[in-house]
Each structure stands twice: as structure tokens, then as C-alpha cells.
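Student: Just the structure for this:
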Amino acid sequence: MPEIKHIHHIAILVENLDTSLSFWQDILGLIPSKVTEIPEESARIAFFPLGESEVELVQPTSADSGLSRYLEKRGPGMHHLCLEVTDLSALLVHLRANGIQLINDEPKIGEGGKLYAFIHPKSANGVLMELYQLPG
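Tutor: This next block holds a predicted model:
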């Protein structure tokens, strides 16, 4: 079975990224490593490094996106937990073989060439889980 290396990030869904940035920067004193828009995910995000992991703030940018529906249904707060893995394709095969419900049957390619996929919360104790395989 492929190795799970560590928690890559914890994602928090927010209504307004600029307002949220103020809290994380001005009140907590953290500096984002990146603030960017991801059009293919209809999201604007900010990453705050914390040791080997990060906190990711996510703001939906489209009213008809899955993120917007999630925000409307559940409100702001924790969205998902992301684990970095060594071999995402092999892990997805292992998960499917064990009856785990996936949102993505095959890895998607993201920014910088990272591979990612999501495990449905129904199979992960109510938690949406993202899996990352970083390039190199």
C-alpha cells in the first residue's frame, strides 16, 4: 500500500477571503505563502504555512460551484483534510478495492503538476478528504 506521508493542509471554506485574511494575518500574525485564483475549481485560495503543513482558506468564486453549494448548505468552516501520499494512483486502486467511495476515480492534475483526488465523506467518517501526490 502507498505511504501516507503527512497532513498537507487543512482547508477552511470562507465567504470572503479578504476578511478572513485580515484575521489570519492581523490577529494571528501569519503570512500567506500564496494567494491565488484556481479557475478550474471556481475558487480563490490562500495558503498559510504551519510547520510541515498548511492552512488553506478557500472562497468560492462562482455561485453555481460545488464549493458555493457546500457553503450554502453547511456555512463557513472546515471543508476538507488533505493528506500527502507517495503513489496516488495505487492508493486509489487500493481504496476502490476496499469499497471506499471516491469523488474522483482517477487523479486530477493541479497547479504545478500535483496529482489530487477526493474521498467522499460517506467513506471517511463524515470528513471530505483530499489526497495529494506532489511532483518529484
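Student: going forward, measure contacts and count neighbours with C-alpha atoms only.
Tutor: Fine.
Student: Which stretches in this protein count as helices?
Tutor: Under the criterion DSSP state H, the chain contains helices at 17-22, 66-74, 88-97.
Student: Pretty sure Ile12 sits against Pro60.
Tutor: No: using Cα atoms under 8 Å as the test, Ile12 is too far from Pro60 to be in contact (11.3 Å).
Student: And those two? Which one has more around it.
Tutor: Pro60 (26 against 19; other Cα atoms under 10 Å).
Student: Report how many residues lie close to the closest residue to that one other than its chain neighbours.
Tutor: Excluding the flanking residues, the one nearest Pro60 by Cα to Cα, 6 or more residues apart in numbering is Ala43, at 4.6 Å. Neighbours of Ala43 under the rule other Cα under 10 Å: 19.
Student: Tell me what Ala43 is bridged to.
Tutor: In this entry, Ala43 is beta-bridged to Ile38, Pro60, by DSSP bridges.
Student: Same question for Phe47.
Tutor: Here Phe47, judged by DSSP bridges, has bridge partners Lys34, Glu56.
Student: Contacts only, for it.
Tutor: 32-35, 54-57 (Cα atoms under 8 Å, 6 or more residues apart in numbering).
Student: Give me the PyMOL select line for those residues, limited to the buried ones.
Tutor: Of these, the buried ones go into a single PyMOL selection, burial set by 16 or more other Cα atoms under 10 Å:
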select buried, resi 32+35+54+55+56+57
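Student: Tell me which two in the contacts of Phe47 are the farthest apart.
Tutor: The distance between the two most remote of the contacts of Phe47 (Cα to Cα) is 12.8 Å, for Val35 and Glu54.
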